[in-house]
Every structure is written in structure tokens, then in C-alpha cells.
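1. The sequence and its predicted three-dimensional model are supplied below.
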Amino acid sequence: MGFKSINAMVHFSKHHLMAFSRTVAMAIEKAIPCKRIGMTVIGLEVPHVHVHLIPLNAMEDAQFIKKEKLSTEEFQAVAKSIANYL
């Protein structure tokens, strides 16, 4: 796909990123019991971005302090459950 300007490319990219993130967030919300899905977009180390989609039950859940510990099997089960809703 060709773009006439960098602004056109950025406009396309950010809307595609948000649309894709919304699709995944809705799948997570169906697969994991939570009040809502929080989103952070981070990219400080090098020029890039990545999206964190976080199941939230309280504001403290969005602080990256409390991390869930899952076994490989539990992690795979959660990933499969989310994938089933995509």
C-alpha cells in the first residue's frame, strides 16, 4: 500500500492499531472476568509503540505493580480462551 505523505501513513496506522486493539480487548473481556479492559500505549526505549490491554477490577490493577503468576498450562489456557473470542 502506498501513501502520499507520512501523515497519511500515521493516520492509517493509528486507526488500524486502535481498531485491532479494540477487537482484542473485547475478546479479553469475554475470556477473563473483569469490570473493564484498560489500555496503555508505551514506547520509550526505542521509537516504537506497543499496546498493553489489562483486565481491570480496580484502578490499582493498571499500575503494573501486581503481576499475575501463571503456569505455562494456565497461560496457554487463557490465550486459547481469548483466541476463541476473536
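-> Perfect, thanks for sending it. Numbers count the residues shown, from 1 in each chain.
2. Go through this structure and flag its longest helix.
-> With DSSP state H setting the assignment, residue counts place helix 6-31 as the longest helix in the chain.
3. Show me the shaky parts of this protein.
-> For the chain, the stretches flagged by pLDDT under 70 are 1-12, 43, 45-48.
4. Show me what counts as buried in stretch 33-40.
-> 37, 39 (16 or more other CB atoms under 10 Å). All C-beta atoms are positioned from the backbone trio N, CA, C, and that covers glycine.
5. what does it rub up against?
-> The list of residues contacting stretch 33-40 from outside it, by CB atoms under 8 Å, 6 or more residues apart in numbering, reads 21, 25-26, 28-29, 51-58, 61-62.
6. ok, 6 Å please
-> By CB atoms under 6 Å, 6 or more residues apart in numbering, the residues outside stretch 33-40 that reach it are 25, 28-29, 52-57, 62.
7. And stretch 14-29, by the same measure?
-> Where contact means CB under 6 Å, 6+ apart, the residues beyond stretch 14-29 that reach it are 37, 51, 53, 82, 85-86.
8. Am I right that residue 44 is in a helix?
-> No - Residue 44 sits outside any helix when classified using DSSP: H, G, I helix; E, B strand; the rest coil, being coil.
9. hmm, back to that, buried sites along the longest helix of the chain?
-> Buried residues in helix 6-31, defined by neighbour count with 16+ other CB under 10 Å: 21, 24-25, 27-29, 31.
10. hmm, which two among the contacts of stretch 33-40 are most spread apart?
-> Between any two of those, the greatest separation by CB to CB is 16.0 Å, found for 52 and 57.
11. out of everything not next to it in sequence, what's closest to the residue most central in space within the chain?
-> When the chain is reduced to its mean C-alpha position, the nearest residue by CA atoms, centre = their mean turns out to be residue 53, at 3.1 Å. Taking CB to CB, 6 or more residues apart in numbering as the measure, residue 53 lies nearest to residue 25, with 5.0 Å between them; neighbours along the chain are not counted.
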